[in-house]
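Chemist: next one to model:
(chains A and B)
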2 protein chains.
Amino acid sequence: MTDFALDLDPTAIQTVLDGRWAEARRQGRSLALDESTHLDPADDLETTRANTLAAVGLMADTKLPMAALPETLGGTNEHAKTVAGFEETVTASPSLQIKAGVQFGLFGGAILHLGNPTQHADWLVPAQQGELLGSFAMTEIGHGSDVAAIGTTATYDAATEEFVIDTPFRAATKEYIGNAARDARAAVVFAQLITAGVNHGVHAFFVPIRTADGQPQPGVSIEDDGHKGGLRGVDNGRFAFDAVRIPRTNLLDRYGAVTADGEYSSPIDSPGRRFFTMLGTLVQGRVSLDGSAVVASKLALDIAVRYGLERKQFTTVDDYTETTLLDYQQHQRRLMPGLAAVYASSLAHEKLLTSFEEVFSGVDDSEENRALLETRAAAFKADSTWMALDVIQECREACGGAGFMAENRLVGLRADLDVYVTFEGDNTVLLQLVAKRILGDYAKEFAHIDVGGAARFIGTQAAEHTLYRSGLANAGRAISDVFTPNLSERRIRSGRLQRNLLETRLEVMVSGLAAALRPAAKMPTAQAAELFNSQQHELVEMARAYVELEKWKAIDEAMREQKDPAQAKIFRRLRDTYGLSLIEKHIGWHLMYGRLPMSRARQVGETLNRLCAKLAANALELVDAFGYGDDHRRATIATGVEAERQAEAAAHYRRARAQRDYPVPEKQLKKAAKSRTA
Amino acid sequence: MTDFALDLDPTAIQTVLDGRWAEARRQGRSLALDESTHLDPADDLETTRANTLAAVGLMADTKLPMAALPETLGGTNEHAKTVAGFEETVTASPSLQIKAGVQFGLFGGAILHLGNPTQHADWLVPAQQGELLGSFAMTEIGHGSDVAAIGTTATYDAATEEFVIDTPFRAATKEYIGNAARDARAAVVFAQLITAGVNHGVHAFFVPIRTADGQPQPGVSIEDDGHKGGLRGVDNGRFAFDAVRIPRTNLLDRYGAVTADGEYSSPIDSPGRRFFTMLGTLVQGRVSLDGSAVVASKLALDIAVRYGLERKQFTTVDDYTETTLLDYQQHQRRLMPGLAAVYASSLAHEKLLTSFEEVFSGVDDSEENRALLETRAAAFKADSTWMALDVIQECREACGGAGFMAENRLVGLRADLDVYVTFEGDNTVLLQLVAKRILGDYAKEFAHIDVGGAARFIGTQAAEHTLYRSGLANAGRAISDVFTPNLSERRIRSGRLQRNLLETRLEVMVSGLAAALRPAAKMPTAQAAELFNSQQHELVEMARAYVELEKWKAIDEAMREQKDPAQAKIFRRLRDTYGLSLIEKHIGWHLMYGRLPMSRARQVGETLNRLCAKLAANALELVDAFGYGDDHRRATIATGVEAERQAEAAAHYRRARAQRDYPVPEKQLKKAAKSRTA
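Modeler: So this is what the prediction gives:
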């Protein structure tokens, strides 16, 4: 393994990973050093929730939640900073990250983005200071993904200048609401705004939920969701409203206002666009889940790699020396592709944060830029949260029985991260949204420029000419091979080849879907729906191809920026491992569509084996570069105890063998007897 | 969907699935109806453990654990019966299955298979009656997979006719031992047997652990593993021994005995073969985990399918009618391949149980049959436990936020099943064992019959001629296509094609590995180890190819046995979905090695889409056939509440729309205004 090892400086790599908001990350990480932010699986639900709430208070004390506010309210109008700091608190506990996310990101965020200056002054500042605890009540039992169809109503009563909030049936109960079961005093409630006999669609309202002494407000029913698959520190629950009256001024009215006599007005005329604009302001949740999933994956790899570098099992090279786990090819294959994917995702997330900052600080909040941010946030959130579950699970299994013990953290991380794939937008639904956006862009251009639009669209992101710009016309038949017959490992590792394969796959999928779906425009709704449904699986796959390419480009770009030769080389290994993992995953596609000749395709697996061995040689530096210490990992198996125990055992055997009465193995006696007979 | 629906009788399908040990399965299932066997996530660890222990007592009351005993001890020498009954208790809780498995299968099983008649009378009967609680202490902190290398010693002292049990260093502490932390009074402890200055390797000893009043015996240290990722009802812990003396007669001496004056003897001369024979008798654990993983997967699918058939989201065909989840293609794609895999696994498990019964009842306990049983148990256990994690997780995600609530069971099942993939043999290690066995068989034959041995070896399991018997010689270049140019869906669904592809892949992998590894025999150990390591990933893949083929054959066989046309048709759909899912998963391979032309390969995905839609049309009958009721599922979302809530909401909207003052949607007003202007 040492043959492959490069001389790396983990601190320098950390600088690359921590990026522009390194200071906020350090703040988030130091909060996680405070023992009171850690949860004990032995505590009951109530204690766990109380401790998590206390940690949310500590988070408020860091003033990070205030950073997103405008200067007029004591903030610094720095949006990505808050998010970056939040993400790192996953190292304390995902419960803290999520409960804080609900309080500051969703509850506070909704007031910030949907409210007016008076509302900011009244509610936002206390919210970000952790003094006014709140919920974000959007999802209902009956409607999660389809928010537009929620049943809660807010009917304006001009006589009293109040909105009346109602839950008209059980399915309209607000469900899975964080902070609801225990702590929230108020909630931003999403409801159908009805005034003067017209339903203006979903709007957000500030609704007091509990009285000062913690009792439900009159007309508000609260239920506790109780035990979940993880996130024990978050008190999820349900709200139902029975003619709950709130002042007219409790409507968060940035995108829709109602006058005292009940007249509705909005800066956005189209109800559909208005709804999506409102939702779009809440993109921060998805951005931060992308980043948190990366942090959780880093932590898991940090633990599993350290253990894999100490733990030994089975003698292979001689009768006494046991082999270290991470020297086994399969162990490398289990952990190294995940490590590369986490690097790519971390670097891609940094780019997402940059675009998030641009949009929300106002540097570039063009509609196009906003739309791109939303598309990428949805795509990255889906891909990264699934990646986190895969990576953490692989880490847990790679640590064997020790991985299953709560004290080694992996099972807890896995359980907590589980819900990340279905909340803040169900991943499968999000990927369909991404696919539709990509197709929409494609179709718009397509209407004007005929074929090649796919390449054009992708080109706007790729900013590079692609080898294969053709769409489905060429797909399906084997095309002539552009590579030399003797494609060496260096050639199969070519970045140009990787980019071509990833881009071509996306292009062909986009144009293929466009061709398949084009007839839908002229079909009756039901038939069009059926056609669309027949391509749903392909749509989801296409969206994943999009994210994978985006992430690959992020690590490719980072690689190009490295000045230090060893560092450039390790980034290249990471990029190639990520790229070839993707190509291996979809190798059937590349072959089926004639993009990769069979002889070359067979080199991918072996090349990956070698790349994983090379990465393993620097695995310790690569996880050191995540910037976490023992107090972040808090996993017994990652502290060196395993090596200590092995040293103790080895010393015992050395001593024992030196004694005259050390028992001889029967096997050895038999061997000796056999050779005497022979 | 109704177009595809077949007229099926779930009870008749259940008869097929429940198989030969249907009665025992019913017993296990009815035990799970007893509320006291259910665990409450709100209970603390101590209460959960106490309740689980009580449930183990109820299990003893069923007398199922006694069935495995010989007639002389009041049993009926029925081995598979016990296992089948145990498996079904997963529906009560996996904690019960595992704690009972430790007590009756491992502790009792070790005494049964490794002990003598006196030991049976003294310990086995009380164990199976739940009166003598015990542990199975094999794994140590330092050695899990490599049992031969454990550090615990049992040194014979002829002066007192006792064995002295010692834990010479911390890494030799027995670890993750079920029943250890709280309940065990005794343990079967595995230790290096040392007598007269010779170490005869690992043997099993009956060691009292706690006194009658529950205190550790002198010299025994006990630690509690505390919280784990799941299985809260199982009290895992650690044992360490400091010169603990046990009578000579406490050695379970079937495969190795020591006389009063310390002379060792064994019916098996080779220490290596002796060790593997002893371990081989404990194959029951792996057999039962294969079956339990299937039961847990069935339960999860039962819940998710029921919810998927009720839950609606998004209007697609018109403005009012929402689409049912299981009508979405992607939802079908998420759940139906798992359903097919679970059917295949259930039928394959039945065959495994049959061979287990043959070996242990003595009907056919030839060494060859034993070896085959062990290979298949290892292979199936690995594949099925991973399948369970995938299937349960897909089910949990397919239920959205509801899937994350403990009351819907999926997260609990997922958490409990997690450790199944690393205990009773780590899956990755097991698959390497399987691969080595397959290669060993291949090599033995190969030595005599030159090429074609792979086909021969596989043939002994397949009992059918294969289209491609060639090994690596043909691999790599595209071979001429044996199919007609216009391969219809019926042709791509051909069982012959599926079998050919699955068999060929395995054959080529086996012969390829044999060729790659052949030089190892003449290499120095270290170099051979390196060569072997370079093929480790491929070895694991090859073993999976073997299991997949075995499972496919099981469902193919079951399909052929169906007399009822509709039933035969649904089994065909299940077989094809399973087969084509595997082919899709490995499509890159089939293309790379020229086994499937590109044009045909592109049909696989679409055919699978259609098959999933067809299966979805009978999804309810297919899960009904698992034989579970509401009291087994115990998942709120699977009880019909979702449909009730939807009916209530629909009734509300119907009533509301009938009223004159029902608010008009703004969207509708805008549309109307627009058309007036136009």
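Chemist: contacts and neighbour counts: CA atoms only from here.
Modeler: OK.
Chemist: how is chain A carved up into domains?
Modeler: A:136-267, A:427-625, A:647-676 (the TED database).
Chemist: and whichever residue of the stretch 251-400 of chain A sits closest to chain B, which of the three is it?
Modeler: Sorted by distance to chain B under Cα to the nearest Cα, the residues of the stretch 251-400 of chain A start with A:Val317, at 4.1 Å. Under the three-state scheme (DSSP: H, G, I helix; E, B strand; the rest coil), A:Val317 adopts coil.
Chemist: so for it, what's the nearest residue that isn't a sequence neighbour?
Modeler: Nearest non-adjacent residue to A:Val317, counting by Cα to Cα, 6 or more residues apart in numbering or on different chains: B:Ala526, 4.1 Å away.
Chemist: list the contacts of that neighbour.
Modeler: Each residue near B:Ala526 by Cα atoms under 8 Å, 6 or more residues apart in numbering or on different chains is listed here: A:316-318.
Chemist: quick one: which of those has the most company?
Modeler: The most neighbours of any of the contacts of B:Ala526, using other Cα atoms under 10 Å in any protein chain shown, belong to A:Thr316, which has 18 neighbours.
Chemist: and that one, how far is that from B:Leu439?
Modeler: 18 Å (Cα to Cα, to the nearest Å).
Chemist: which residues touch the residue of the stretch 1-150 of chain A found nearest chain B?
Modeler: Per Cα to the nearest Cα, A:Asp146 is where the stretch 1-150 of chain A lies closest to chain B, at 5.9 Å. Taking Cα under 8 Å, 6+ apart as the criterion, A:Asp146 is in contact with B:313-314.
Chemist: picking up where we left off before, I'd like the contacts of B:Ala526 as TSV, with pLDDT appended.
Modeler: What follows is the contacts of B:Ala526, written out as TSV (pLDDT from 0 to 100):
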residue	pLDDT
A:Thr316	83
A:Val317	81
A:Asp318	81
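Chemist: now these in JSON lines, with distance to A:Gln215?
Modeler: As requested, the contacts of B:Ala526 are arranged in JSON lines below (distance: Cα to Cα, whole Å):
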{"residue": "A:Thr316", "distance to A:Gln215": "66"}
{"residue": "A:Val317", "distance to A:Gln215": "69"}
{"residue": "A:Asp318", "distance to A:Gln215": "70"}
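Chemist: what pLDDT does the residue of the stretch 1-150 of chain A closest to chain B get?
Modeler: With respect to pLDDT, A:Asp146 has a value of 93.
Chemist: then the one 5 residues further on?
Modeler: On pLDDT, A:Gly151 comes in at 98.
Chemist: equivalent analysis for the one 5 residues further on, please.
Modeler: With respect to pLDDT, A:Tyr156 has a value of 98.
Chemist: quick check: beta-bridge partners of the nearest residue to it once chain neighbours are set aside?
Modeler: Nearest residue to A:Tyr156, sequence neighbours excluded (Cα to Cα, 6+ apart): A:Phe163, at 4.4 Å. Counting by DSSP bridges, A:Phe163 is bridged to A:Tyr156, A:Ile246.
Chemist: distance check, A:Phe163 against A:Thr155.
Modeler: Going from A:Phe163 to A:Thr155 by Cα to Cα gives 5 Å.
Chemist: which residues of the stretch 1-150 of chain A lie near chain B?
Modeler: Neighbours of chain B within the stretch 1-150 of chain A, by Cα under 8 Å from any Cα of the partner chain: A:41-42, A:44-45, A:142-143, A:145-146.
Chemist: which ones among those are found in helices?
Modeler: Per DSSP state H, helices hold the following members of the residues of the stretch 1-150 of chain A next to chain B: A:Leu45.
Chemist: highest neighbour count among the residues of the stretch 1-150 of chain A next to chain B?
Modeler: A:Gly142 (25 neighbours).
Chemist: is it true that that residue touches A:Ala171?
Modeler: Yes. Using Cα atoms under 8 Å, A:Gly142 is in contact with A:Ala171, at 4.6 Å.
Chemist: just to revisit the earlier point, to B:Arg396, which of the domains of chain A lies closest?
Modeler: domain A:136-267 (9.9 Å; Cα to Cα).
Chemist: burial check on whichever residue of chain A sits closest to chain B, number of neighbours?
Modeler: Closest contact between chain A and chain B, by Cα to the nearest Cα, is at A:Gly588 (3.6 Å). Number of residues near A:Gly588 (other Cα under 10 Å) recorded here: 25.
Chemist: remind me what the host helix or strand of it packs against, helices and strands.
Modeler: In this assignment (DSSP states H and E), A:Gly588 forms part of helix A:587-592. Secondary-structure packing of helix A:587-592 (3 or more Cα pairs under 8 Å, 6 or more residues apart in numbering or on different chains; DSSP states H and E): helix A:495-517, helix A:598-617, helix B:587-592, helix B:598-617.
Chemist: good, wrapping up.
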